[in-house]
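Asks: Generate coordinates for the sequence data below:
(4 chains, ligands or ions: 4)
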Amino acid sequence: MPEITYLEAIRQGLWEEMERDERVFLLGEDIGAYGGAFKVTEGFQKRFGEARVIDTPISEAAIVGAAAGAAHMGLRPVAEMQFIDFISCAYDMLTNYVATARYRAGLSTPIVVRGPCGGYVRGGPFHSQNPEAAFFHTPGLKIVYPATARDAKGLIKSAVRDEDPVLYLEHKWLYRRIKEELPAGEVLTPIGQARTAREGKDLTIVTYGATVWKSLEAAEQLAKDDGLSVEVLDLRTILPMDDAAIMTSVKKTNKVLIVHEDTRTGGVAGEIAARINEQAFEWLDGPIMRVTAHDVPLPYAPTLEDFVLPQTDDIVKAARWLAKY
Amino acid sequence: MPEITYLEAIRQGLWEEMERDERVFLLGEDIGAYGGAFKVTEGFQKRFGEARVIDTPISEAAIVGAAAGAAHMGLRPVAEMQFIDFISCAYDMLTNYVATARYRAGLSTPIVVRGPCGGYVRGGPFHSQNPEAAFFHTPGLKIVYPATARDAKGLIKSAVRDEDPVLYLEHKWLYRRIKEELPAGEVLTPIGQARTAREGKDLTIVTYGATVWKSLEAAEQLAKDDGLSVEVLDLRTILPMDDAAIMTSVKKTNKVLIVHEDTRTGGVAGEIAARINEQAFEWLDGPIMRVTAHDVPLPYAPTLEDFVLPQTDDIVKAARWLAKY
Amino acid sequence: MPRHASAAPAAAIPAGLGRDQLLEMYRFLRLTRTLEERLVALYRQSKVIGGLFRSLGQEGESVASAYALERGKNRDMLSPLIRNLGSMLVMGAPPVEILRQYMAKAKSPTHGREMNVHFNDLEAGYLGQISHLGDMVAVMTGITLTFKLRREPRVGLVYVGDGATSTGTFHEGLNFAAVQRCPLVVIGEYNHYAYSTPPAKQYAVKDLAEKAKGYGIPAVTVDGNDVLAVYEATKLAVGRARAGKGVHFIEVKTYRRKGHAEHDDQSYQPKEEIERWATTNDPVDRYIKQLLDNAWVEEQDLADIDGDVRDEVDQATDACVNEPLPEGDTALGNVYAEPAAAERLWYRSV
Amino acid sequence: MPRHASAAPAAAIPAGLGRDQLLEMYRFLRLTRTLEERLVALYRQSKVIGGLFRSLGQEGESVASAYALERGKNRDMLSPLIRNLGSMLVMGAPPVEILRQYMAKAKSPTHGREMNVHFNDLEAGYLGQISHLGDMVAVMTGITLTFKLRREPRVGLVYVGDGATSTGTFHEGLNFAAVQRCPLVVIGEYNHYAYSTPPAKQYAVKDLAEKAKGYGIPAVTVDGNDVLAVYEATKLAVGRARAGKGVHFIEVKTYRRKGHAEHDDQSYQPKEEIERWATTNDPVDRYIKQLLDNAWVEEQDLADIDGDVRDEVDQATDACVNEPLPEGDTALGNVYAEPAAAERLWYRSV
Ligand SMILES: Cc1ncc(C[n+]2csc(CCOP(=O)(O)OP(=O)(O)O)c2C)c(N)n1
Ligand SMILES: Cc1ncc(C[n+]2csc(CCOP(=O)(O)OP(=O)(O)O)c2C)c(N)n1
Ligand SMILES: [Mg+2]
Ligand SMILES: [Mg+2]
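Replies: Ligands and ions are numbered 1, 2, ... in the order given. Got it, this is the predicted structure:
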C-alpha cells in the first residue's frame, strides 16, 4: 500500500462507504462537478451521479435540515460545510432539531456533517474556526476529530455507519501535510475511543486534532532535552469522551496537561479538567493545566496567528513547568 | 419603597434607561402593543412610541443583525428574544458578526440581547433552555445572569450602558417568584463582579441564576442539620468571570461545589473547575465537584423535568459528601 | 362510519368526492373541535401541563388539506404545526395520544418528553414540528427529496404560518426544495396574526402567495374556511407534485379566533372582528350548510357523527386521564442509539 | 484630476452627469482594475497572505452603483463584498489601505487582523463585510433603520451575490427592511456563478429581480456592464429611498471572468464564455467607447488618467510593500472596550 494523505484518506473512506451502501449520499456547496473547495469529493459526482452528489444553494440550515429529513427516511446523508465556520448558520438546526430528535420523538437521524476546520493556515477569523466547543454541549450529537490519516479514514467510515448524528471535523492544516500507509482492507476507527499516540510515564498530554502533532513534537523534544517521558493521548472522539482512557493515563503519570487549538474560555479542556477532578483527584500530583489559543478571534497576519495559537514551544514550556511542579 | 418582583425590576431598569438616554430603543417579537410574551415591556410603546419600541417579524438573525447596525451608528438597541431558546437562530450573527466586530474591525457594538431563560416551569425542550454555554466560548461577548430583583435591575441598566454586546439572561422561574425592596435612586450592578450571597467557611458553592436560590436553601438546611457553614457565591456575570471572587472564597473554604441548572458536559462549570485548578490547586482539600442538569434535552413532564434538573436536595447531598471528604 | 352511504347523489358533489368522503371530512372537523373543547376542559382542571393552542376557526383548512393526501402505510407525509390538530387526526393520529401528549402521560408517544402535537408516526405519515419555526420546511425538503431520489410516488406537505414565513429556515428550505423540484406542497396559513403581530408588521406583501414568486413555484390563494375549495386546491397541487412538477404553494386565508394560546387575552384582536368570523365565517358551519343545502347528506347523518365523536372523545379521555406521569428516571434513556441511558449523576446515589 | 474640465458638452451627457463625473467614474474603473492587477503581481510574489478575489468584468456595476450615492463625511453608506473593490474606492478607501489589508501589514486598517476589503470607515461611508454571506443585509437594515429613526436624509446600499440570496440572513434582513421601509438599496449581483455553482442550482427563478416580489419592494434588472445604465438605475432608487419610499432592489447582470479566487482553475467556466464576455462585453471597454463615440471626452483625457492611476498605484505600493507585519502580541488588544487586552497565557512567561 502506498502512503496516502489525510485528505485522500477521507476521500477513500467516503468513496468506500458510497460503494458499500447505496443509501449514502453527499450534499453541499460546490461538491459536485467542482469536487469541493478542497477537492475532497473530486470525481464523486462522475462516479456516483448527480442524485448522490448534490450541489446545494448557499443554505447551511437547509443543508442540515434536508439531511435530517432524508436520514429519517432511511438514507445516510453526508453534508459538507464548505468551511466549518459556516456551520454556525445551521446551529439551530443541529442543536434543536437534529440532536434532540431521538430523545424527544424517537426519530433516528444518522447524518454526518463534515468540513474543514482549524488554523495555522492564515485563513483569518472566518476560515479557521474550531467548532467543537459550540456543539460539545449538545446531548445527542457525536463529535469526532481525527489527527491521523488512518483515523481520518476509520472515523469517516464509522461516522457514516453510526446511528446518530456525527460532526466529523477535519483539520485543513493536516489535509496534505501528513501521509501514512494504511493497512489493506477495512479501516474502521470506533467512535468513543481515544488513542495513545505516545507512551510515557512522567506526564500526560490530552489533546486532539492538529495539536496532537505539536504535542508529539514537544514530547520528543522533552525526551531529548529533559529526559522527560511524556504520554500523548489523542482523543479522536470528543463527544462522547473516553473518560476511561484519560483516567488510566492520569493515574499512571499523575500530571496532566490539556492541549487544544481552540480558544481557552469555554473550550473542551475545561470539561476534561472537571472530569479528571471528579474521577482522579487523588492521583493528581499537580494542577491540571491547559495550553490553548488565546481568547481572541483568530487574526489573519501570520505574526498574529502564530502568537494566538498554541505552538510546540508553548507545550514544551508548560509541560516542563508541570513536570517540575 | 415597596417590594418589587424580578420581572418588575427588569421593567424598571429598562424604563429608567429609556427615560435617561434617548438612544436606547427596543426591538423584538410582540413587544409593542402586546408588551411581550411575559409582559416585560408592557406599556413601553405607549410611553416611548413605535419608533423606540419596534415589533419585528419572526427573524432572530435580523433582529440581532439590525441591532448591531444601529449600535454601530450610535444607538443603544435592546433586543428581546421571545424565549431565549430562539437565540440559536441568531447564533451566527452573534458569534461571528457581533462578538468579533470590535476586535477585527474596530467597530463598537453596544447591544443588549435579553430573553426569558431556564426551566422548572414545565416548558419542555424548547422553552426552557439556558444558553450561556453556547456563547460563553465567544470572546467579545459579555453574559450576565441575575438571580435577585436588585441585580435584575442593576444589571440591565449596566448592560444598556456597556460599550460591548451583552447577553442579559433572565430566569422565567424567578420572574414573579421572588420579591425584594430596592433602595431609592440609581441601582447599578457592575458587570464582572460576583456577589457573596451567603458567608461561610466550610465549603463554597459557586452558582448563578435560579440555582442561587436552591443553593441558599441547601446551605440553610446544611447549617441546621449538619452544622455546616456553606458560602454561596452568585456569579451574576458569567463572562467575563470574576476569578478573584471565586479564588478568594475557595482559598477560604478549601472545598468547592459548582452548581448550575444547565446540562453538565460542556457547561460553564467545567471552565470554573479548570480555573480553580490553575489558580488555587494548592488550596483544595477535596475535588471540585459539580451539581448540574443531566445530559439530556429538558423533558416536558413534571416528573421528568424534576429528575433532570438539579434540586435543593441534590445540592445538600453533594455538599454533605464533599464536606465529609 | 355514517349509515346508508350508498344513497348519496354523488354526481352533484364536486372535486370527485363521494358522500362517504364528505361525511368523513365532517367527522374530522367535528373531532378536531370536540377534542379541542375537551382539552380546554382538561386545561381548566390543570390536567394539561403546558400551554394549550387552539385552531378554532381554522379546522377547515387543516382537515381539507390533509384529506387531499394519500393516506395509509408509507404513503404521503405531512408536517403539522400546533394549530394543525385536524391534519394529524386525518393522518390517523389517535385522539387518545393527543390527550396523553398534552397531559404528559407516561404512555404518550413521546413518553412525556414532548408536548401537544410534537410527535410523529412516519409510517402513518405525520412528522410533528419542533418549536423553532421554519425548521420543518427544510426537514420536509429532505423527506420529499428522498421520495424523489427513490422515485417513490409520494408527496410531502408542510404547513407554515404567516409569521413563520419571516424565518431564514423557511426561505432556505423552500428555495432548496424548489431548485430540486421536490414533491412538496406548502400550505401558507394566513390567519391574520402571528401571536399578536399582524401581517403588516410581518412582511410588505399583501398575500403570502406573492412570496412564492421569489422561489419560482406556482401559488394560489384560497378561502381557507371553504373546506371543499381547500380540498380541491390541495388535491390539484398534490397531483402535480406527484407527477414531478415540483413544489406548489397554497395560501389559505383564515382567522385565528382564539388567542395565541389559552393564556392570551387577545386584547389586540378587535372583539367585532372575532365576532364577525365566528358568526359569518366558521368553516364547520359553512361546510354543514353546504352539505345540507345541496342535500348531499341529511341532518341525521351529521347528528350521528356528532354523537360518535362525543363518544370517541369520552372514551379516549377515560382511557388516559388517570394514567400516571412517567417515572422520573425514564428521562435518561435514548439520547443516543446506545449507550441506552445517560448516566445518573453521582449525588443521586450517595 | 482631468484637465480642461470646462470644455465638456454636458448637454449631451445622460443622467444629469457632467464631463468631470464621467472622467471621475472612468478613473475609479481604471483604478480598480490597475489595483487588482497590482495585487495579482503581489500575490504571485507571495506578498498577499490569503486568497485574492478579482472583480474583473464587474468593475462597472461596483463603481457606477457606488457613484450614485452621496459621498462625504457621514453621508450615504454602503457595504461591499469581496468583489466590490471599486465601490470602496469610490467611497474613498485609499488604495494603500487595500494593499496593506491584503498583505496583512501592521499599519492596515485592521492592523493585520482581517483581510482584503474586510474593513470599514463609517464616516466615509463603507462597512466591510464578514465572510458569512447574507449577514450584512441584516446589519445594513439596522444602519438604514437608524437613518430613518433619526430622520436623517441618508441612504444605505448593500451588495448581495446571486448565491448569497439563498441565505436565511438575506431573507430575514431584507424582509425586515421592507416592512420598516428603510432607506436601503440592494444591488443583486448576477455574475453567473457562486463559486462554481450556476444560478440554476441556486434558485428556480430566472432573474434575481423576481425575488424582490416576495418582499413587496420595487425591482429592476439592468445591464451590469453598462456603466451609465447602472448609475442611472441606482441614482433613481437612491433618490426614492431618500424620499422615504423604502427599499429598492436592483439586479445587475454581469459576469465573473476570473475564478472564485486566484487559486480557482475555473474548469467549470466554458473558455468561450469567458472569452466572449472579455472581448465583447467588458464594462471598461464599453464605457471608453461610449465616452469617445459621443465625444464626451478625448483619448488624451483617458490616457492622462491611466497614467495618473499607474503612478498612484505605484506610490501606494512603494509606500507599504516593505512595511512590517504586526508584532505578535498586538493580537491581544481590543476584544472589549476594556480591559484593554486579553491576558497573555501563563506559559508564555515561564
Ligand atoms: C424561530 C422562532 N421564533 C419565535 C418563536 C415564538 N413563537 C411561537 S409561535 C409564534 C407566532 C407564530 O405565528 P404564525 O407563524 O403566524 O403561526 P400561527 O400561530 O398564526 O398559527 C412565535 C413568534 C418560535 N416558535 N420560533
Ligand atoms: C454562509 C456562507 N456559506 C458559505 C460561504 C462560502 N462562500 C464564500 S463565497 C461563496 C460564493 C458566493 O457566491 P455569490 O454570492 O454569487 O458571490 P460572488 O462570489 O459570485 O460575487 C461561498 C459559497 C460563505 N462565505 N458564507
Ligand atoms: Mg399566523
Ligand atoms: Mg455570484
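
Asks: Now A:Asp295. Its backbone dihedrals?
Replies: Per-residue torsions, A:Asp295: phi -80, psi 70 (degrees, to the nearest 10).

Asks: Apart from its chain neighbours, what residue comes closest to it?
Replies: The shortest distance from A:Asp295 to any non-neighbouring residue, by Cβ to Cβ, 6 or more residues apart in numbering or on different chains, is to B:Pro139 (4.4 Å). From N, CA and C alone the C-beta is placed, and that goes for glycine too.

Asks: looking at it, that neighbour is touching B:Ala99, isn't it?
Replies: Yes: between B:Pro139 and B:Ala99 there is a contact at 6.8 Å, judged by Cβ atoms under 8 Å.

Asks: quick one on the thing from earlier: double-check that the residue nearest to A:Asp295 belongs to a helix.
Replies: No: under DSSP: H, G, I helix; E, B strand; the rest coil, B:Pro139 sits outside any helix and is assigned coil.

Asks: mind listing the helices for the chain?
Replies: This is for chain A. For chain A, helices defined by DSSP state H occupy the ranges A:6-20, A:44-48, A:60-72, A:91-92, A:101-105, A:132-135, A:149-161, A:211-226, A:243-253, A:268-280, A:302-308, A:312-324.

Asks: The chain in question should be chain C.
Replies: C:19-44, C:59-67, C:85-90, C:95-102, C:135-149, C:168-180, C:209-212, C:227-242, C:271-280, C:283-293, C:299-320.

Asks: right, and the ones you listed - which one's nearest B:Glu181?
Replies: helix C:19-44 (35.8 Å; Cβ to Cβ).

Asks: Give the buried residues for the closest one.
Replies: Under the neighbour-count criterion of 16 or more other Cβ atoms under 10 Å in any protein chain shown, helix C:19-44 has C:19, C:21-36, C:38-40, C:42-43 buried.

Asks: from the chain's centre, how far out does that helix sit?
Replies: Relative to its parent chain, helix C:19-44 has a centroid offset of 12 Å by Cα atoms, centre = their mean, to the nearest Å.

Asks: burial of C:Gln101, as a residue count?
Replies: When counting by other Cβ atoms under 10 Å in any protein chain shown, one arrives at 27 neighbours for C:Gln101.

Asks: give the contact list for the residue nearest to it when sequence neighbours are not counted.
Replies: In this structure, C:Gln101 finds its nearest non-sequential neighbour in C:Ser108, 4.8 Å apart by Cβ to Cβ, 6+ apart. Residues near C:Ser108 by Cβ atoms under 8 Å, 6 or more residues apart in numbering or on different chains: C:Glu97, C:Arg100, C:Gln101, C:Phe119.

Asks: hang on, the earlier thing: in a markdown table: the helices of chain C, plus mean pLDDT and distance to B:Ala105.
Replies: Compiled in a markdown table, the helices of chain C are given as follows (pLDDT from 0 to 100; distance: least, Cβ to Cβ, whole Å):
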| stretch | mean pLDDT | distance to B:Ala105 |
| --- | --- | --- |
| helix C:19-44 | 98 | 51 |
| helix C:59-67 | 98 | 48 |
| helix C:85-90 | 98 | 48 |
| helix C:95-102 | 98 | 48 |
| helix C:135-149 | 98 | 32 |
| helix C:168-180 | 98 | 24 |
| helix C:209-212 | 98 | 34 |
| helix C:227-242 | 98 | 46 |
| helix C:271-280 | 98 | 48 |
| helix C:283-293 | 97 | 54 |
| helix C:299-320 | 98 | 58 |
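
Asks: do you know which of those helices lies nearest ligand 3?
Replies: Nearest of those to ligand 3, taken as Cβ to the ion: helix C:59-67 at 11.9 Å.

Asks: one step back: redo the helices of chain C as TSV? Include distance to ligand 4.
Replies: Formatted as TSV, the helices of chain C follow (distance: least, Cβ to the ion, whole Å):
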stretch	distance to ligand 4
helix C:19-44	47
helix C:59-67	37
helix C:85-90	39
helix C:95-102	46
helix C:135-149	23
helix C:168-180	15
helix C:209-212	23
helix C:227-242	30
helix C:271-280	46
helix C:283-293	46
helix C:299-320	55
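
Asks: I'd like these as CSV, with distance to B:Phe135 appended.
Replies: Output for the helices of chain C, formatted as CSV (distance: least, Cβ to Cβ, whole Å):
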stretch, distance to B:Phe135
helix C:19-44, 35
helix C:59-67, 38
helix C:85-90, 36
helix C:95-102, 32
helix C:135-149, 21
helix C:168-180, 19
helix C:209-212, 32
helix C:227-242, 41
helix C:271-280, 41
helix C:283-293, 45
helix C:299-320, 41
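
Asks: Tell me how many other residues surround A:Gln221.
Replies: Quick note: A:Gln221 (other Cβ under 10 Å) scores 18 neighbours.

Asks: Mind telling me which residue is nearest the centre of chain A?
Replies: With the centre of chain A defined as its mean C-alpha position, the nearest residue by Cα atoms, centre = their mean is A:Tyr145, 1.5 Å away.
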